[in-house]
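Student: The following comprises the amino acid sequence and a computationally predicted model.
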Amino acid sequence: MDPERYERVQRLFHDAVDLPEAERGAFLARACGDDAELAAQVSKMIDTDARRQILDRDLAEVAGPLFAGGRATPDQVGPYKITKLLGEGGMGVVYAAVREDLGSVAAVKVLRDAWVSPERRDRFAAEQRTLAQLNHPHIARLYDAGAFPDGTPWIVMEYVDGVPLTEYCRTHAHSIVERLRLFRDVCDAVQHAHRHLVLHRDLKPSNILVTEDGQVKLLDFGIAKQLENLDTPAAATLTGLRLMTPVYASPERLRGAAARIDADVYSLGVILYELLAGQLPFEVANRTPGEVEAAILGPDPTRPSVVARRDSSRPAASNATWADIDVLCLTAMHRDPERRYATVDALGRDIDRFLKGEPLEARPDAFGYRFGKLLRRRRREVAGAAVVFLVVAGLIAFYTVRLTVARNDALTNLTRAQRIQHFMLNLFAGGDPEAGPSADLRVATLVDRGAQEARSLASEPAVQADLYQTLGSIYQKLGNFERSDELLREALARRQALNGLTGSAGPDVAETLTSRALLFSDKAQFDEAERLAREALATARAQLPDADPTVVRALVALGKVQSDRGKYDDAVATLDEAVRLQTAANAEPQERASSLYELASAHFYAGHYDQSEVQNQQALALYKQVYGDKHPLVSDCLINLGAIQYERGKYPDAERYYREGIAITEAWFGRDHYQTAANLTMLARVLNRTPERQVEARAVLGEALAIRERVYGPDHPKVASTVNELGAVALGAGRLDEAEQYFLRVVAIYRKVHGDAHYQTGIGLSNLASTYMAQKKFAQAERLFREALVIYTRTLPATHTNIGIARIKLGRTLLRQQRYTEAAAESLGGYDILKPQMDPGVSWLKSARTDLIEAYEALKQPDQAARFKAEQTAIAK
Amino acid sequence: MSRRPPQDAPDPHREALDLQFSHAYEELRRLASAVKRSDPNATLTPTTLVNEAWVKLAKSPQFVATSKLHFKRIAARAMRQVLIEAARRRHADKRGYDAVFVTFDDAIDVAAASTSDDLLALDRALTELARLNPRQAALVESRFFGGLDVAELTTLLGVSEATVLRDWRAARAWLATELGA
């Protein structure tokens, strides 16, 4: 059975199931032909459709019996008879037991939440026997281990009659020295185990018992590891969580790294802190494990000396003593394994020195780092994560990060973003968040460095792929399309290779495809862009529900590509769906803003200015909410709103919006950036509308053109757009030959990129025609205007302003050739289109009125002429 | 330092997804046991368990940006896991026991044994269905194990109510043939 066949079976099922019984047989025979198996399958389904089955029952009813029983106390475990319940812990239940043949007592721990399959039972027992060889006065002996028939593991160990270390210290050991002596015994025990290559992995006070006469006994060595190896798949992930009490777990363990010696050292450090400061280093009460984890990965804990000063019941000791205690504790539990005691032995020796009054080996140091050094250390610890931090650093520096490494739905980037942000703040300025990044850490440098680091991660392809993806997206934003393409291709190749191992295309492949689609759209290679966007969408949809952000992002990318290539109806439909999905799924504000923004753009290009304005305002509000007022995305919305005002002829409003937007992007990206170029071009357009400001416009445009040519190459629509504006300036200034050259270039570029399938080609033609008009080459102008109109009519809605403008221009051409009837028809047509959408004082409408008056007077239609004369006078007021 | 072998290397990106699932799983198990211990006759409805788990977990960092609907989806998957594990243990019981080791006070529950078989078979069939039609598998898992209603399913899967009902009917029929066969 494969998916296609299943699809077929289903369809037949739906068609046949509600037919009357008599007809069914015949229908199936017809539909299935020779495929008797198919017919049989469908028939069976029709049968079961009518019958009641497990899925119809209440889950409670189904599952109830499973939970009955099984919690009862066992009587006997091997040669041990259970006598009483001692207690319940996170891992299991502990009973006291007696060995009848020898008369000795033991403790039996039943790990009731774990399960060992029959195949693994022998191995489990063997592993426990190895642990049983740990023979040390301060380690509780392990005697035996096995599993019940139902798979529940049990462990028999030395019976220890004692209380947890912290409790013992509270009642019996008050001075620092006494506590340190006990702690020294603990270190001895752990060190012994380490020498025998056994890590504890879950050190905490409840695992350290002290008997009435002050004997320390450690319990549960290595159990955590054992349980990790059990069969239940969930257990593997869970043991990490459940067994680790977060506050005693080292940061690298919490981040998923494998346990090492220094993880045990960390736990010991926390315990030491607790013993000497009298409280935990991180607040635990009333916090979820997740919150505790966040605290551990966050700021440094308060020094024990500070804590002690606050608490008057703390033993008095000299400042020097407390200083040393600070060093002991904080070095033992240092967040960075490099700065911790490397072995328990080292910790133990420093404690010995302290007790003897000798200087410690560990040095109190400022907890800041030189940038490069930290990078090298971090790299080993959590592989690529640090390098990702590095790369994102440039963005983080402005405290508004939007991770472009997006994952599937269940993952929220929130906690990770917070962690990264915090880490980076510390990284940059030694922990002072107000200081900001140092001047030589420019984004580009960081990104380049990040790319270098990424290359060295060949052994961790998944992380490397993510890194390349992030870097690729950042390069795209920086306008370096070559590098971006390179890296995204690398990311895709790696991800596909990884997915090749599992045989499926994962959502991360979809993300990379989406990024590439957007990149190609930026490069104006629209066929490829659309193909990639559709592939991204299909890949995402295959694995994820429709409302998943990855799917929506692919959808938005497709909409953007469709919009970029002029298919506005399609774009609006696609983006409408994206917005709908996000609203239903309660997506994050910045995600919704992104789709609204694209939708607004699509509406804009399609000429639906009112809708575009509303959606732009919505997107603007959302972006401001998330990023504050000074973010490039906010600027994008402002520029769009400016563009809308421009199209409506409201030039002062447009200029205001543009300048606001430019101020933001200039501050953010610098002057020499393609984003700035884009915004400058828009500003120039507005300036050009006013004769006195045309010189200013030209200067602004020259700058913009230079930037764009550098970024996009000579044949790109964005370059054309700027050249177009230069042409308009030249035309307005009467430099006709210059204008003609500019517009010829515009047409050439658009024809190269779009052919005749995009209205932008029409604009080029129309503007060139205007030049010919000015040169009195009316017949040529007419030809080009008509060509432009053909393109417009094919690619734009009938009421689009471009069509109106073109018809008015055509009308003037005809007027100059004294073809009055035709002229009036065109001018009127254009006028009717523009009038409802534009400010009445706009030049186009003025020109149309003037032309119509002239035409009607020539045609001897005074009434018509009068109508427009009246309008003219009214406007003049 | 020696290089870590590949299978030990953590994938920080699955980590958070696993974390969410694990938290949900753990909470559900805990609740399930708590319910049984306090009242052996209490019925476990998935809706109650999931709601209780949600109340507990909604504020934690892993879930703070998750919608309740989405949580229910994760919880459904976790619930399935909880039950399948319990079923596996019961299943193992049936294979007889080593007389040397242990006896439990309670006799093995016959009803439980056949239920566990059913659930294990359902689990296998669902895994197969996920290969053939992932959306239907997600639908069944969410509905049966998570107690999501039709309205929630339409939102979760982004399809119409008619599609949900249609899919349910076909998936249910197919699964039943797999289980009965």
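Tutor: Everything's here; your move.
Student: what about residue 159, how many residues close to it?
Tutor: In the absence of a named chain, this looks at chain A. Using other C-beta atoms under 10 Å in any protein chain shown, A:Tyr159 has 18 neighbouring residues. Glycine gets a C-beta too; all of them are placed from N, C-alpha and C.
Student: actually chain B
Tutor: Using other C-beta under 10 Å, B:Val159 has 17 neighbouring residues.
Student: same check, this time on B:Val50
Tutor: Around B:Val50 there are 26 residues (other C-beta under 10 Å).
Student: so which strand or helix has it?
Tutor: Here B:Val50, judged by DSSP states H and E, is contained in helix B:46-57.
Student: what is the mean pLDDT for that helix?
Tutor: Averaged over helix B:46-57, pLDDT sits at 72.
Student: Skip ahead from that helix and say which helix or strand is next.
Tutor: helix B:68-93.
Student: Which strands and helices lie in contact with whichever helix or strand comes after that next one?
Tutor: Next helix or strand after helix B:68-93 toward the C-terminus (DSSP H and E): helix B:110-132. Contacts defined by 3 or more C-beta pairs under 8 Å, 6 or more residues apart in numbering or on different chains; DSSP states H and E place helix B:110-132 against helix A:3-17, helix A:59-67, helix B:68-93, helix B:134-140, helix B:161-180.
Student: which stretch in those helices has the least confidence?
Tutor: helix A:59-67 (a mean of 64).
Student: List the neighbouring strands of the helix or strand following that one plus their orientation.
Tutor: Moving toward the C-terminus from helix A:59-67, the next helix or strand (DSSP H and E) is strand A:76-77. Here strand A:76-77 is paired, per DSSP bridges, with strand A:80-88 (antiparallel).
Student: circling back: would you mark the buried spots in the helix holding B:Val50?
Tutor: For helix B:46-57, burial by neighbour count (16 or more other C-beta atoms under 10 Å in any protein chain shown) applies to B:46-47, B:49-54, B:56-57.
Student: any idea which of the residues you listed is closest to A:Leu828?
Tutor: B:Trp54 (65.2 Å; C-beta to C-beta).
Student: Contacts only, for the closest one.
Tutor: Applying C-beta atoms under 8 Å, 6 or more residues apart in numbering or on different chains to B:Trp54 gives the contacts B:68, B:71-72, B:75.
Student: Now with 10 Å, please.
Tutor: B:24, B:27, B:63, B:66, B:68, B:71-72, B:75 (C-beta atoms under 10 Å, 6 or more residues apart in numbering or on different chains).
Student: got JSON lines for these, with neighbour count and distance to A:Ser305 too?
Tutor: As requested, the contacts of B:Trp54 are arranged in JSON lines below (neighbours: other C-beta atoms under 10 Å in any protein chain shown; distance: C-beta to C-beta, whole Å):
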{"residue": "B:Ala24", "neighbour count": "30", "distance to A:Ser305": "42"}
{"residue": "B:Glu27", "neighbour count": "21", "distance to A:Ser305": "39"}
{"residue": "B:Phe63", "neighbour count": "25", "distance to A:Ser305": "38"}
{"residue": "B:Thr66", "neighbour count": "24", "distance to A:Ser305": "41"}
{"residue": "B:Lys68", "neighbour count": "15", "distance to A:Ser305": "46"}
{"residue": "B:Phe71", "neighbour count": "22", "distance to A:Ser305": "44"}
{"residue": "B:Lys72", "neighbour count": "27", "distance to A:Ser305": "49"}
{"residue": "B:Ala75", "neighbour count": "30", "distance to A:Ser305": "46"}
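Student: Can I get those in a markdown table including distance to chain A?
Tutor: Listed next are the contacts of B:Trp54 as a markdown table, based on distance: C-beta to the nearest C-beta, whole Å:
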| residue | distance to chain A |
| --- | --- |
| B:Ala24 | 10 |
| B:Glu27 | 10 |
| B:Phe63 | 8 |
| B:Thr66 | 7 |
| B:Lys68 | 9 |
| B:Phe71 | 9 |
| B:Lys72 | 12 |
| B:Ala75 | 11 |
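Student: any idea which of these is the one closest to A:Thr722?
Tutor: Nearest to A:Thr722 out of those is B:Thr66 (C-beta to C-beta; 45.4 Å).
Student: Look at the closest one and report its pLDDT.
Tutor: 72.
Student: now do A:Arg120
Tutor: pLDDT at A:Arg120 comes out at 60.
Student: Equivalent analysis for A:Ser305, please.
Tutor: So A:Ser305 comes in at 80 (pLDDT).
Student: How about it: what's its closest non-neighbour residue?
Tutor: Closest residue to A:Ser305 apart from its sequence neighbours, by C-beta to C-beta, 6 or more residues apart in numbering or on different chains: A:Trp322 at 3.7 Å.
Student: same deal with A:Pro840?
Tutor: In space, A:Pro840 is closest to A:Ile875, 5.4 Å off (C-beta to C-beta, 6+ apart).
Student: Need the helices and strands packed on helix B:110-132 in CSV (columns: distance to A:Ile176).
Tutor: Below are the helices and strands packed on helix B:110-132 laid out as CSV (distance: least, C-beta to C-beta, whole Å):
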stretch, distance to A:Ile176
helix A:3-17, 69
helix A:59-67, 49
helix B:68-93, 46
helix B:134-140, 58
helix B:161-180, 66
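Student: In the stretch 101-250 of chain A, where is pLDDT below threshold?
Tutor: Applying pLDDT under 70 to the stretch 101-250 of chain A picks out residues A:112-127, A:130, A:149-151, A:222-246.
Student: mind redoing it with 90?
Tutor: Within the stretch 101-250 of chain A, the segments meeting pLDDT under 90 span A:101-105, A:107-135, A:140-163, A:170-178, A:192-204, A:206-207, A:212-214, A:219-250.
Student: hmm, back to that, now, which of the buried residues of helix B:46-57 sits nearest chain A?
Tutor: Using C-beta to the nearest C-beta, B:Pro46 comes nearest to chain A of those, at 4.7 Å.
Student: which residue does chain B bring closest to chain A?
Tutor: B:Gly158 (2.9 Å).
Student: right, and that residue touches A:Asp548 too?
Tutor: Yes - if you go by C-beta atoms under 10 Å, B:Gly158 and A:Asp548 touch, sitting 8.7 Å apart.
Student: residues bridging contact with the two, i.e. touching both?
Tutor: Jointly contacting B:Gly158 and A:Asp548 under the rule C-beta under 10 Å, 6+ apart are A:541, A:581, A:585.
Student: re earlier: point me to the helix or strand that includes the residue nearest to A:Ser305.
Tutor: Going by DSSP H and E, A:Trp322 is in helix A:319-332.
Student: Just the buried positions in that helix, please.
Tutor: Buried residues in helix A:319-332 (16+ other C-beta under 10 Å): A:322, A:324-332.
Student: Contacts for the next helix or strand after it, please.
Tutor: Next in sequence after helix A:319-332, counting helices and strands by DSSP H and E, comes helix A:344-356. Residues from elsewhere that reach helix A:344-356, judged by C-beta under 10 Å, 6+ apart: A:176-177, A:180-181, A:183-195, A:200, A:261-262, A:264-265, A:268-269, A:272, A:321, A:324-325, A:327-328, A:331-332, A:340-341, A:343, A:358-362.
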